[in-house]
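Undergrad: coordinates only, sequence not included:
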């Protein structure tokens, strides 16, 4: 259990605390939302850190290859489901994003069965950054924000949601086109 893997597991451990801060009625206030925001930002930063450390110090492991993307999906999907529950994010957005994750996970499973590793693409990485950024912006939308900040966030959030959905679809198409050989029967 090296440092990158510990950071990945730390990200997974943070998820229930994030969910509690957003959904447990005792925490549903500006303080709970602020704590949830801080937890999400810390968890997102561990996503960037674990990969960089693993590559820089040659600490890449099979556990990390499996667990890092899973931790990302758990974090982002948990956050989006919470935001739907709070009526802060449209459900159809989350359905598209989660459907994409299932398709890519299935695709990667088929690939691994054929001894092919599908690396994360540039589109997939940009998509993840936008998903995390979208969640952060939505969480930033505190009821105690000054009026001008609230107006700006209300204007920006739908645009970021739209870009995130487009990037989600583009990254899916990119994966499928670049890796279509995976679906062909291996002999």
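TA: Perfect, I can see it now. Just so it is clear, the structure is predicted and the values come from calculations on it, not from any experiment. Numbers count the residues shown, from 1 in each chain.

Undergrad: Where do the helices of the protein begin and end?
TA: When assigned using DSSP state H, the helices of the chain occupy the ranges 3-23, 30-56, 62-85, 91-113, 122-140, 147-178.

Undergrad: Now tell me what touches the first one from outside.
TA: Spelled out, that is helix 3-23. Residues outside helix 3-23 that contact it (Cβ atoms under 8 Å, 6 or more residues apart in numbering): 1, 27-28, 32-33, 35-36, 39-40, 42-43, 46-47, 49-51, 53-54, 59-61, 63-64, 67-68, 71-72, 74-75, 78-79, 82-83, 85-86. In this view, the C-beta of every residue, glycine as well, is placed from N, C-alpha and C.

Undergrad: now with 7 Å?
TA: 27, 32, 35-36, 39-40, 42-43, 46-47, 49-50, 53-54, 59, 61, 63-64, 67-68, 71, 74-75, 78-79, 82, 85-86 (Cβ atoms under 7 Å, 6 or more residues apart in numbering).

Undergrad: ok, residue 148 to residue 30 distance?
TA: Per Cβ to Cβ, to the nearest Å, residue 148 is found 18 Å from residue 30.

Undergrad: and those two? which has more neighbours close in?
TA: Relative neighbour count places residue 30 above the other of residue 148 and residue 30, with 11 against 8, counting by other Cβ atoms under 10 Å.

Undergrad: And the pLDDT for that one?
TA: Residue 30 is assigned 83 on the pLDDT scale.

Undergrad: measure it to residue 11 for me?
TA: Counting by Cβ to Cβ - residue 30 and residue 11 are separated by 25 Å.
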